[in-house]
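Novice: Structure for this input, please:
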Amino acid sequence: MLYDILRSKVIIAYTLFLFLITFSLFQLEADPGKAMLSVLNIVLIVVPLVSMVFSTIHYFNSYEFIELMLSQPVSRDKVIISEYAGTALSLSAAYLVGVGVPVCLYNFNATGISVILGGCILSIIFCSLAFLASVKSRDKARGIGAALLLWFYFALIYDGLILIILFTFSDYPLEKLTLVLSSLNPVDLARIFIMLNMDVSALMGYTGATYKDFFGSGTGTIYTFAVMLLWIIVPLLLATRSFRRKDL
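Specialist: Presented below is the predicted three-dimensional model:
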């Protein structure tokens, strides 16, 4: 299964796209640090989008194969987890080759490692969210629509809601609240983790110092990875539970 997904034209095209874009950015910028900021935009926007859409389409395209497997003495949990593992590993491998190789060649340091880790984790997280949306949907169109809405919310709408909250209650101390709110969005967590390693926390607004004090510490790093792990596990568990009860 994993081998078939890795050989798919979509994964190959995705890998080449990431590689060409990342390689071109390093070639165009004399300063690798500036190129990394451009790569960051790809990590936060393109990677979650492709992970969501590809995972959803793959799930529905594999529906007949899933039904065939379920006709065998194989548990539903094993089937859905195997599908998920093959998809998540394929997306992570594509990211590691497409972005990881150029980053290792041009900017292999703490910033580069954070970009590689952040992108891989986001690929796996949004694969989990895509499987949850797919299992909950009855048909392919609704599944893709739900996946796109989730991406749109995490990538764009969520930041707008946070800005409204911060602006409305600007007279109150919101440092701790912003830390909690950041945990509710894996894209925000990845952005903070990568930007702190870039040492550009000032670009994150007046709460940048708070982010640096907490997320820049060892405890903050452990907290970040723990929350991201929850973002992987919880949607996968919910998807597995729904698939176990779903009438195919």
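
Novice: what's the spacing between the most centrally placed residue in the chain and Leu189?
Specialist: For the chain, Leu122 is the residue whose C-alpha lies nearest the centre (Cα atoms, centre = their mean; 2.0 Å). From Leu122 over to Leu189 the distance is 9 Å, taken as Cβ to Cβ, to the nearest Å. Bear in mind the C-beta positions are built from the backbone N, C-alpha and C, glycine included.

Novice: Kindly report the same for Arg245.
Specialist: From Arg245 to Leu189 the distance is 31 Å (Cβ to Cβ).

Novice: quick one, which of those two is more surrounded?
Specialist: Under the neighbour definition other Cβ atoms under 10 Å, Arg245 and Leu189 were set side by side, and Leu189 has more, 23 against 8.

Novice: Assess the claim that that one and Leu229 are in contact.
Specialist: No - applying Cβ atoms under 8 Å, one finds Leu189 not in contact with Leu229, separated by 11.0 Å.

Novice: Report the spatially nearest residue to Ser114, omitting neighbours in sequence.
Specialist: Distances taken as Cβ to Cβ, 6 or more residues apart in numbering put Asn197 closest to Ser114, at 4.0 Å, once the chain neighbours are dropped.

Novice: How many neighbouring residues does that neighbour have?
Specialist: 21.

Novice: Next: Ile222.
Specialist: 10.

Novice: Over to Asn109?
Specialist: By other Cβ under 10 Å, neighbour count at Asn109 equals 12.

Novice: For the residue nearest to Ser114, give me phi and psi.
Specialist: Backbone torsions for Asn197, taken as degrees, to the nearest 10, come to phi -70, psi -20.

Novice: Now do the contacts for it.
Specialist: Residues counted as contacts of Asn197 (Cβ atoms under 8 Å, 6 or more residues apart in numbering) are Ala110, Thr111, Ile113, Ser114.

Novice: Among these, which are located in helices?
Specialist: Judged by DSSP state H, helices contain the following of the contacts of Asn197: Ala110, Thr111, Ile113, Ser114.
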